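Visitor: Build me a structure from this.
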Amino acid sequence: MKKDLKTNLVNRKVKKPNPVFMTVGMWVVGIMNKLYKVDFSYDYDPKSIKGQPTVLLSAHASRTEFVYTVYGFGRKDINVVCGFQNIFKKGLYNLFITFGVISKYLYQPDIMCVKNMLRALKRGGAVGLFPEGIQSTSGSTHPINPATARFIKSSKANIVVCTSRGAYLATNRYSKDRKKGYIGIHYSLLFTPQILEELTEEQIYKAILEKISYNDFAFNKEARNKYVGKLPNASGIDNILYKCPDCKEERTLRVEGDTVTCTACGFAAQVNEYYDLVKQKGNEIPEDIDAWFKWQRRCVAKEVKNDDFVMTLDGSLCMLKFDKLRKPPKDRETLSVGTAKLTNRGLCFEGTLDGTEVNFTFEAKALYSLTFSTQGYLEFYYNNDYYMMIPNEKPKDLIKWTIAAEEIHNLYDERWRAACEDVYDYEKGEVVYG
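Guide: A predicted model of the protein is given here:
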């Protein structure tokens, strides 16, 4: 019986990247880095660990982080770990396999992924890992799963951490526009195998988080680098901001040019070429975009604790088709058409398909996130299956679904909640400013 493309991708034994393709690939991304004028720096000699088992842990501030990270690391024997949904695309699937990319179910336990990473290290190769899982939503560090430290401890490898400054500002999460501006990439040799033997998992986790942490808005308050693209820096910001910091109304923010405005109270703030928030109208404004976003999270974290919390969305629940590769939206299989309901117990989707009632239930403890896409839908993993929720009409608060799902999961997962507390400033409560 012929296996489908998903089975072939996930269960294959990942090989060393094709050296010819890697040479060409490095040449291509090298040109890109020169065009971007990326600044690379190191606190160790990369040649000193050449040919040794090494794990590269990289920040994920930018959607093009791999372009900087892999090139600056300089090893052609690196197997990069990538989210399953990013690989399973026409034009990329076979290319990623040639480059030895290791697929990963985001947020989910993935034994095959771990096995493939350990195989790469056993042959003296390198593994590239983004411990945040997805690109930062608001320009600062996302939670790092403490399980990452367990893998690092068992790897018996050199551990290099790659951090970035300005990468989010050049390619932010809320817009596809590429900005011209400073990008700094720094590599640190954090652990050797000998050092790892002496450390606990908790010590490893804390050291990684401290080293990899970033906040591009705080960075640029002092650096004062300009970021200029085809579109203003405010364009698309209502993809991640949905709540007015002045009147506290939701779904009232609108963007015109370089300014975001609240239609309810008239509050207005300009986003300038430094990504500063400059008050145009209203009371004091948040310190920066990241502070505004984290305030929204703190508000939602309080909301989801109420038993009457509910969000609804009309649309379709879909999965990818695995018989052959297709371009979107023909790559989707519709499972049900109806209404999604998110409560503090989880997500349910009630609908029909071809006249038959088809309902789905996703428990909160196994549902880590409903990640928003700037293409106007939500995507998530559940028990190692990948789903998409396609709304009939894109709501103004799609990002709230993401935040709410994550905070609901935290009600049931103490370890993940602790990881979120390490990066999300919950201690500020519902304070908007500063």
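Visitor: I'd like to know how many residues surround residue 23.
Guide: A count of nearby residues for residue 23, using other Cβ atoms under 10 Å, gives 12. All C-beta spots, glycine's among them, are computed from the backbone N, C-alpha and C.
Visitor: How about it, nearest residue that isn't a chain neighbour?
Guide: residue 76 (6.7 Å; Cβ to Cβ, 6 or more residues apart in numbering).
Visitor: Quick check, the one you found in contact with residue 26.
Guide: Yes. Contact between residue 76 and residue 26 holds when scored by Cβ atoms under 8 Å: they sit 6.6 Å apart.
Visitor: And the two? Which one has more around it.
Guide: Of the pair residue 76 and residue 26, residue 76 is the one with more neighbours under other Cβ under 10 Å, namely 18 against 15.
Visitor: Please tell me how far the more buried one sits from residue 283.
Guide: Taking Cβ to Cβ, to the nearest Å as the measure, residue 76 falls 55 Å from residue 283.
Visitor: Assign a three-state SS to the nearest residue to residue 136 once chain neighbours are set aside, would you?
Guide: Closest residue to residue 136 apart from its sequence neighbours, by Cβ to Cβ, 6+ apart: residue 61 at 5.1 Å. With DSSP: H, G, I helix; E, B strand; the rest coil as the basis, residue 61 sits in coil.
Visitor: show me the contacts for the closest residue to residue 380 other than its chain neighbours.
Guide: With Cβ to Cβ, 6+ apart as the criterion, residue 380 has its nearest non-adjacent residue at 5.0 Å, and that residue is residue 370. For residue 370, the contact set (Cβ atoms under 8 Å, 6 or more residues apart in numbering) comprises 342, 347, 378, 379, 380, 389, 401, 402, 404, 405.
Visitor: after the lowest-mean-pLDDT helix or strand in the chain comes which helix or strand?
Guide: Least confident helix or strand of the chain, by mean pLDDT, DSSP states H and E, is helix 5-11 with a mean of 83. On the C-terminal side of helix 5-11, the closest following helix or strand by DSSP states H and E is helix 19-36.
Visitor: ok, residues contacting that following helix?
Guide: With contacts defined as Cβ under 8 Å, 6+ apart, helix 19-36 is touched by 40, 67, 68, 70, 71, 72, 76, 77, 98, 99, 170, 183.
Visitor: With adjacent residues omitted, what lies nearest to residue 154?
Guide: residue 118 (7.7 Å).
Visitor: tell me the SS of the one you found?
Guide: Of the three states, residue 118 takes helix under three-state DSSP.
Visitor: same thing with residue 91?
Guide: Under three-state DSSP, residue 91 falls in the coil class.
Visitor: so how far is residue 242 from it?
Guide: Distance of residue 91 to residue 242, computed by Cβ to Cβ: 33 Å.
Visitor: ok, these two, which is more surrounded?
Guide: residue 242 (20 against 8).
Visitor: Which neighbouring residues are in contact with that one, exactly?
Guide: By Cβ under 8 Å, 6+ apart, the contact list for residue 242 reads 250, 251, 253, 296, 396, 397, 399, 400.
Visitor: Skipping its backbone neighbours, what lies nearest it in space?
Guide: The nearest residue in space to residue 242 (Cβ to Cβ, 6+ apart) is residue 397, at 4.1 Å.
Visitor: Look up how far residue 143 lies from that neighbour.
Guide: Distance of residue 397 to residue 143, given as Cβ to Cβ: 22 Å.
Visitor: before we move on, what about residue 69?
Guide: Using Cβ to Cβ, residue 69 is found at 20 Å from residue 143.
Visitor: Among these two, which residue is more densely surrounded?
Guide: Each of residue 69 and residue 143 has its neighbours counted (other Cβ under 10 Å); residue 69 has more, 25 against 21.
Visitor: which residues in the protein form helices?
Guide: Listed in chain order, the helices of the chain (DSSP state H) span 5-11, 19-36, 65-73, 84-87, 93-98, 111-122, 147-155, 167-170, 193-198, 201-212, 216-223, 289-303, 398-410, 414-421.
Visitor: From the chain's centroid, how far away is the second one?
Guide: So that's helix 19-36. Offset of helix 19-36 from its chain centre (Cα atoms, centre = their mean, to the nearest Å): 24 Å.
Visitor: Can you list the buried residues in that helix?
Guide: For helix 19-36, a neighbour-count test (16 or more other Cβ atoms under 10 Å) marks 22, 25, 29, 33, 36 as buried.
Visitor: Using JSON lines, lay out those together with pLDDT and distance to residue 125.
Guide: JSON lines is the format used below for these (pLDDT from 0 to 100; distance: Cβ to Cβ, whole Å):
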{"residue": "22", "pLDDT": "93", "distance to residue 125": "12"}
{"residue": "25", "pLDDT": "93", "distance to residue 125": "16"}
{"residue": "29", "pLDDT": "94", "distance to residue 125": "19"}
{"residue": "33", "pLDDT": "94", "distance to residue 125": "23"}
{"residue": "36", "pLDDT": "91", "distance to residue 125": "27"}
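Visitor: Would you reformat these as JSON lines and include distance to residue 413?
Guide: Formatted as JSON lines, the buried residues of helix 19-36 follow (distance: Cβ to Cβ, whole Å):
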{"residue": "22", "distance to residue 413": "38"}
{"residue": "25", "distance to residue 413": "38"}
{"residue": "29", "distance to residue 413": "37"}
{"residue": "33", "distance to residue 413": "38"}
{"residue": "36", "distance to residue 413": "38"}
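Visitor: if I look at the residue nearest to residue 384 when sequence neighbours are not counted, how far off is residue 118?
Guide: What sits nearest to residue 384 in space, not counting adjacent residues and going by Cβ to Cβ, 6+ apart, is residue 105, at 4.8 Å. As judged by Cβ to Cβ, residue 105 and residue 118 stand 17 Å apart.
Visitor: higher neighbour count, the two?
Guide: Shown here are residue 105 and residue 118; by other Cβ under 10 Å, residue 105 has more neighbours (19 against 16).
Visitor: what residue ranges in this structure are flagged as low confidence?
Guide: Within the chain, the stretches with pLDDT under 70 are 1-3, 433-434.
Visitor: Looking at it, which strand is longest?
Guide: When the chain is scanned for its longest strand (criterion: DSSP state E), the result is strand 332-343.
Visitor: count of neighbours near residue 421?
Guide: 13.
Visitor: Next: residue 162.
Guide: By other Cβ under 10 Å, the residues close to residue 162 number 24.
Visitor: mind listing what residue 102 touches?
Guide: By Cβ under 8 Å, 6+ apart, residue 102 lies in contact with 14, 79, 80, 81, 82, 113, 116, 117, 120, 127.
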